[in-house]
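Novice: Turn this into a model:
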Amino acid sequence: MNGSQGTVHPVEAPPLQTERANVPLPWNRMKDLQGMPGTLGGLFLRFSQMLFAVVALSVMATTSDFPSVTAFCYLVAAAGLQSMWSLVLAIVDIYALLVGRRLQNYQVVSLFAIGDGVISTLTFAAACASAGITVLIGNDLGACDRNHCTEFETATAMAFLSWFCALPSFLLNYWSLASRR
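Specialist: Numbers count the residues shown, from 1 in each chain. Got it, this is the predicted structure:
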């Protein structure tokens, strides 16, 4: 009877717990930086985005002649989207802080990064368009006495501040997404 002979290969013993502490993991998880989802800084950024977007929306919507200019309608729509997006993500941040969960899941970070990128781009484009129309009305046409230039400028400034608060959220989410394997 010719049976096959088994070969024994030496196997290293797993390192002890004290030795394992100094061995780096195959990949390092990114630390939770303030401003990322699920942190107090991230919650502050979300509330700031929402506050500035709501103020821009309210100021622009209280003027009687904003529907006559497409850029101002675009600002109202973008500020409305920004405020709703920021409110939803602020609720998610509050939940994560209360439960003590990390929001570093790949799908969650992808959703936040794409959403923040799209919404912040819309807000920035709307603020730029409204600023251009406001300059046209105020400086070039000299028609501020017949229009609500102060309200238009305030709403535009609030939209820029909302975008300025949304940008760090987008960059941190994108960085977190890009730093994965």
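Novice: list the contacts for Ala127?
Specialist: Contacts for Ala127 (CB atoms under 8 Å, 6 or more residues apart in numbering) come out as 75, 78, 156, 159-160, 162-163. All C-beta spots, glycine's among them, are computed from the backbone N, C-alpha and C.
Novice: right, I mislabeled it, should have said Gly41
Specialist: Gly41 makes contact with 33-35 under the criterion CB under 8 Å, 6+ apart.
Novice: can you list those in a markdown table and add distance to Leu111 and pLDDT?
Specialist: Rendered in a markdown table, the data for the contacts of Gly41 read as follows (distance: CB to CB, whole Å; pLDDT from 0 to 100):
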| residue | distance to Leu111 | pLDDT |
| --- | --- | --- |
| Leu33 | 19 | 70 |
| Gln34 | 21 | 76 |
| Gly35 | 17 | 71 |
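Novice: Skip the chain neighbours and tell me the closest residue to Ala78.
Specialist: Setting aside the residues directly before and after it, Ala78 is nearest to Ala126 in space (CB to CB, 6 or more residues apart in numbering), at 3.7 Å.
Novice: Can you get me a residue count around the closest residue to Pro67 other than its chain neighbours?
Specialist: Residue nearest to Pro67 in three dimensions, not counting chain neighbours: Cys73, with 6.0 Å by CB to CB, 6+ apart. Under the neighbour criterion other CB atoms under 10 Å, Cys73 is assigned a count of 15.
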